[in-house]
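Student: model this:
(2 chains, ligands or ions: 2)
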Amino acid sequence: MNLLNDIYSVLWVDLRVLRRQWIRTLSTSLVNPLLYLVAFGFGLGQGISFDGYSYLEFVIPGIIALTSMTVSFSGAGQKLNVDRLFFKSFDECLMSPVSVYSIIIGKALIGVVRGLFTSIVFMLVGFALSPSLNIDIAFVAVLVLSCFVFSFFGVLVSFLAKSHQDMSTVSSLVLLPMTFLSGTFFSLSQIPEALKIVLYFLPLTHSSESLRAITLEQSFPWIYIFVLLAFGVFFFVMSMVALKRSSV
Amino acid sequence: MTDIIVTEDLTKNYGKISAVQNLNLNIHAGETFGFLGPNGAGKTTTIRMLTTLTKPTSGRAVVNGFDVVTQADKVKNEFGIAQQHMSLDRDLDVRENLELHARLHHIESSERKRRINELLDFVGLTDQADRMAMALSGGMQKRVMIIRALIHRPKILFLDEPTVGLDAQTRRRLWELIRRLNRDGTTIFLTTHYIEEAEALCNRVGILHQGRLIALDKPVELRQKLGLFAVETLTADLGTKYNYFPDKAAAKRYVQNLPQDLKTIILRESNLEDVFVELTGQKVSEG
Ligand SMILES: Nc1ncnc2c1ncn2[C@@H]1O[C@H](COP(=O)(O)OP(=O)(O)OP(=O)(O)O)[C@@H](O)[C@H]1O
Ligand SMILES: [Mg+2]
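Tutor: Ligands and ions are numbered 1, 2, ... in the order given. This is a model prediction of the structure:
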């Protein structure tokens, strides 16, 4: 019971912060996905059909997946990074009798909250534009999972970071390529075999493929979901190792 | 007297820099201990090891019976700390900062509010409770950091340069607070660059120099070792010279035998600052 309590205590702070600035947070984080939607969904993709679906239907789940990635990653990692390295206010957590599990899960949860918040608002926009999309409980469950994966990734990177720039370096070198390549804007079936193998090592590929399979009512994407789960566990365990080692 | 903090050959290296070297320290339960040393001496590093933030390179430290490395979780219940830097969360208001600490230390919600109000009142910050931590003046932030450290009634209180940048009134009030906490049984571990502060508050002081403990005793004992009386002679070419004597008679004899052309001669009681300067070979506050 203490574990849940502690997780909530760690999350509580960040919820207070979010409560103060949720309008700004939501509006800034929606800019990217909406631009993608307009530029690719309407602009480029007009009249194209893809694997038998309209391009809009195809691209919306991809944009939801990448939104869950970017918003969760920075939602969990950004403040943590600054608090840990620059203001050192994260010491307060480290010196309290709260376990590393609670700290990592609590800090990841704010990324999940932020990621879900933005993704769901965007999803409603997408659903309004394309009502044929199937959005059900499985979809939401995978979306939550995806948010967890990238939140843990954000926590991990902020623990490994040696400077404030490290977060944005990872954003540019890791997240941005994933944004465009991981089956978000085009189908993996169009890609050369060799590159495809590389893409299957990226977590976002599994988010977008599984979310798309559900919205387009294809066969249930068990494998993608398991791989995503494995990524989540991996990032969580690595965060634990990083946190224990960072106290040198 | 029982020792509430014991370190054995506690050492911390950062690469080639040796921040703390073979530190052997015993802090008695219930005392106010002053940790002095020039900038970079290793005071903060020592506190970071005692508060589990940093792992020692070698040696060990025990805080109220718990090892800081192998029983870090237990150690965390024993102390409160106001760090040297401003460590409040800037995105929260004062009350939220305090509440976070209370939550992280498992204080029941009914008790939480009462305790926070009591402490805010205690340092005269009740009317600042809803302001953002970032918006407070530096002295107010210090006060918030100190009461935050007290919320869970720790047995040991670490204060890393608690009175830097405080106005005279606030400093006096803080001294009063420290004395009161100490009277109520809290062991205080304090670092400071204000030697008069150490003299005013501390039962014993330790002097750290380049990572090594070079003195540890009661202030008066340290003065005695140096000489209870000091003679300052100001010469035109050599600057100020200091000489120390065990008693006033010896000091007077010395003064009488000095050549007449010296500009100024001061005969006074020695103080802890003399001890500090002699031992560390540096002025504490230049200028
Ligand atoms: N994280 C770190 N990495 C590298 N070196 C460090 C680190 N922390 C401290 N040091 C070094 O260890 C030494 C002791 O630093 P410390 O902060 O303990 O000094 P201090 O006695 O608290 O000084 P001050 O009076 O200025 O606060 C310094 O040489 C400092 O540069
Ligand atoms: Mg220091």
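
Student: please, which helix or strand holds B:Leu190?
Tutor: strand B:187-191 (DSSP states H and E).

Student: direction included, what does that strand pair up with?
Tutor: With DSSP bridges as the test, strand B:187-191 is paired with strand B:32-36 (parallel), strand B:156-160 (parallel).

Student: contacts for the last one, please.
Tutor: Which is strand B:156-160. By Cβ atoms under 8 Å, 6 or more residues apart in numbering or on different chains, the residues outside strand B:156-160 that reach it are B:4-5, B:27, B:43-44, B:47, B:50-51, B:63-64, B:78-84, B:146, B:149-150, B:178, B:181, B:186-191. In this view, the C-beta of every residue, glycine as well, is placed from N, C-alpha and C.

Student: redo that, cut-off 7 Å
Tutor: For strand B:156-160, contacts defined as Cβ atoms under 7 Å, 6 or more residues apart in numbering or on different chains pick out B:4-5, B:44, B:47, B:51, B:63-64, B:78-84, B:149, B:181, B:186-191.

Student: what's the single longest helix in the chain?
Tutor: Picking chain A for this. With secondary structure taken from DSSP state H, chain A has its longest helix at helix A:2-36.

Student: to clarify, I was referring to chain B.
Tutor: Max-length helix for chain B by DSSP H is helix B:168-183.

Student: which strands and helices sit next to that helix?
Tutor: Judged by 3 or more Cβ pairs under 7 Å, 6 or more residues apart in numbering or on different chains; DSSP states H and E, the packing partners of helix B:168-183 are strand B:187-191, helix B:195-201.

Student: so which of the ones you listed is the most packed in?
Tutor: Mean neighbour count (mean count of other Cβ atoms under 10 Å in any protein chain shown) peaks for strand B:187-191 among the helices and strands packed on helix B:168-183, with a mean of 24.

Student: what's the angle from that one to helix B:168-183?
Tutor: Between strand B:187-191 and helix B:168-183, the angle comes out at 140 degrees (axes from the mean of the first three to the mean of the last three Cα atoms, to 10 degrees).

Student: contacts only, for the residue lying closest to B:Asn64 once chain neighbours are set aside.
Tutor: Using Cβ to Cβ, 6 or more residues apart in numbering or on different chains and skipping the chain neighbours, the partner closest in space to B:Asn64 is B:Glu78 (4.4 Å). Applying Cβ under 7 Å, 6+ apart, we find B:Glu78 in contact with B:Val63, B:Asn64, B:Phe66, B:Pro154, B:Lys155, B:Ile156.

Student: A:Ser68 versus the first one, what's the distance?
Tutor: According to Cβ to Cβ, to the nearest Å, B:Val63 and A:Ser68 sit 43 Å apart.

Student: so between those two, which is more surrounded?
Tutor: Looking at B:Val63 and A:Ser68 with other Cβ atoms under 10 Å in any protein chain shown, you find the greater number of neighbours at A:Ser68, namely 35 against 27.

Student: in this structure that one contacts A:Val113, no?
Tutor: No: look at A:Ser68 against A:Val113 with Cβ atoms under 7 Å: they stay out of range, at 11.8 Å.

Student: ligand 1 is nearest to which of the strands paired with strand B:187-191?
Tutor: strand B:156-160 (7.2 Å; Cβ to the nearest ligand atom).

Student: show me what from chain B comes close to ligand 1.
Tutor: B:Tyr14, B:Ile17, B:Ala19, B:Gly37, B:Asn39, B:Gly40, B:Ala41, B:Gly42, B:Lys43, B:Thr44, B:Thr45, B:Gln84 (Cβ under 6 Å from any ligand atom).

Student: narrow those residues to just the buried residues.
Tutor: Buried subset of the residues of chain B next to ligand 1 (neighbour count, 16 or more other Cβ atoms under 10 Å in any protein chain shown): B:Ala19, B:Gly37, B:Ala41, B:Gly42, B:Lys43, B:Thr44, B:Thr45, B:Gln84.

Student: residues in contact with the residue positioned nearest the centre of chain B?
Tutor: The residue lying closest to the centre of chain B (Cα atoms, centre = their mean) is B:Thr191, at 1.8 Å. B:Thr191 is in contact with B:Phe35, B:Lys43, B:Asp160, B:Glu161, counting by Cβ under 7 Å, 6+ apart.

Student: pretty sure B:Ala19 is in a strand, no?
Tutor: Yes: assessed with DSSP: H, G, I helix; E, B strand; the rest coil, B:Ala19 lies in a strand.

Student: helix or strand: which one has the residue lying closest to it once chain neighbours are set aside?
Tutor: Nearest non-adjacent residue to B:Ala19, counting by Cβ to Cβ, 6+ apart: B:Thr45, 4.2 Å away. If you go by DSSP H and E, B:Thr45 is part of helix B:43-50.

Student: got any ranges where chain A has weak pLDDT?
Tutor: A:1, A:247-248 (pLDDT under 70).

Student: for chain A, which segments count as strands?
Tutor: A:49-50, A:53-54 (DSSP state E).
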